[in-house]
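Engineer: coords below, sequence missing:
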């Protein structure tokens, strides 16, 4: 019975205002960098991008509250590596790069032989997709999610049909 009562809270979508506030794992600068990374993964088109939907906040919350300290360290080190790689490759911070440069840099991280870079990109990409697809905007406006398929219409008029068969009418 308790599971049925709490089921609606498990199946709901999220938005940045519904995420509980607490201590942030990342500094404001690192949070802004994560926002640009997720925006590079899912950019704004005719629909909002990952940054506009607050996916970076979702990722930070999941990593802080649900993952082990090694994942938290991997996120912070990965963000440092993103900026260092941007400085090394383009002599600019990641936030100053154009969209194609950002995309190339992240693609290079995904194909890197360094496990830390590859793990960071895989984690952030997976969480970005999950966060985007379960956001309130996407669930309501794109996927048209319904928690329970179909509807129950309890008060509808019932039309009586003649149930006699043709054989009974011919007798």
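Structural biologist: Right, received. Where do you want to start? Everything quoted here is computed from the prediction, not taken from an experiment.
Engineer: which residues touch stretch 92-103?
Structural biologist: By C-beta atoms under 8 Å, 6 or more residues apart in numbering, the residues outside stretch 92-103 that reach it are 32-33, 36-37, 40, 43, 82-83, 85-87, 90, 105. C-betas here are computed from N, CA, C, even on glycine.
Engineer: Off-centre distance for the helix or strand hosting residue 103?
Structural biologist: Per DSSP states H and E: residue 103 is located in helix 99-110. From the chain centre to the centre of helix 99-110 is a distance of 20 Å (C-alpha atoms, centre = their mean, to the nearest Å).
Engineer: what bits of this structure have low per-residue confidence?
Structural biologist: 1-23, 149, 163-171 (pLDDT under 70).
Engineer: what residue lies at the spatial centre of it?
Structural biologist: The centroid of the chain falls nearest to residue 131 when counting by C-alpha atoms, centre = their mean (1.1 Å).
Engineer: and the direction of the helix or strand that the helix holding residue 103 is followed by versus that of helix 99-110, what angle?
Structural biologist: The helix or strand immediately downstream of helix 99-110 is helix 115-133, counting by DSSP H and E. Helix 115-133 runs at 120 degrees relative to helix 99-110, counting by axes from the mean of the first three to the mean of the last three C-alpha atoms, to 10 degrees.
Engineer: In stretch 42-62, which residues are buried?
Structural biologist: 42-43, 48-62 (16 or more other C-beta atoms under 10 Å).
Engineer: whoops, I mixed them up, stretch 77-89
Structural biologist: Neighbour counts using 16+ other C-beta under 10 Å place 78-79, 81-83, 85-86 of stretch 77-89 among the buried residues.
Engineer: As TSV, these with distance to residue 135 and secondary structure would be great.
Structural biologist: Below are the buried residues of stretch 77-89 laid out as TSV (distance: C-beta to C-beta, whole Å; DSSP: H, G, I helix; E, B strand; the rest coil):
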residue	distance to residue 135	secondary structure
78	22	helix
79	22	helix
81	27	helix
82	23	helix
83	26	helix
85	28	helix
86	27	helix
